[in-house]
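In: give the three-dimensional model of this entry:
(one chain, ligands or ions: 1)
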Amino acid sequence: MAAKNTKNKSKGKEDKSVSTCSDLQCPIHGSVKLRGRTLVGIVESDKMSKTVVVSWTRRFFVKKYERYEMRRSKINAHNPDCISAKKGDIVKIIETRPLSKTKHFSVVEIIGKESKKEHLKTEEIEVQEAIQEAKDTAREQKKAADKKDKE
Ligand SMILES: [Zn+2]
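Out: From the prediction side, this is the model:
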């Protein structure tokens, strides 16, 4: 009866009023300190409440083939209501104390949308091609040197 006027956690309208962020684990309004690594990645999933899955690609050198392969890293990050990152957003995440079993990062800001990803890809391919060319020429030189040794 008396609980008529108290604000219930109804999602939708309350999310937009940033000044009333009651999230204790929010890096801006809460009491959680940020320290450690800073990463930038793309939000892959926002299906969990106050949690997002952030992923990014990195180059891994394969020694046997003297080539790079793309590897993908995935990490869970806290997504406070005042930021509420959505799927496809490029976000900056900073390490915090462990917030749960699998969360030790928090979203700090939304940098942009996923469309930039294509530019990154083409750049990376160009870099890879350049490296391959350099390796090929090095190999040819090696072969030539080996032949000379045999003679
Ligand atoms: Zn907040």
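
In: which residues in the protein form strands?
Out: 34-45, 51-62, 67-78, 89-96, 103-113 (DSSP state E).

In: for the shortest one, what is the distance to the chain centroid?
Out: Computed by Cα atoms, centre = their mean, to the nearest Å, the separation of strand 89-96 from the middle of its chain amounts to 7 Å.

In: that strand to strand 67-78, inter-axis angle?
Out: Going by axes from the mean of the first three to the mean of the last three Cα atoms, to 10 degrees, strand 89-96 is angled at 70 degrees with respect to strand 67-78.

In: where's the closest residue to residue 52 other than its chain neighbours relative to residue 97, distance?
Out: In space, and not counting its chain neighbours, residue 52 is closest to residue 79: 4.4 Å by Cβ to Cβ, 6 or more residues apart in numbering. From N, CA and C alone the C-beta is placed, and that goes for glycine too. As defined by Cβ to Cβ, to the nearest Å, residue 79 lies at a distance of 17 Å from residue 97.
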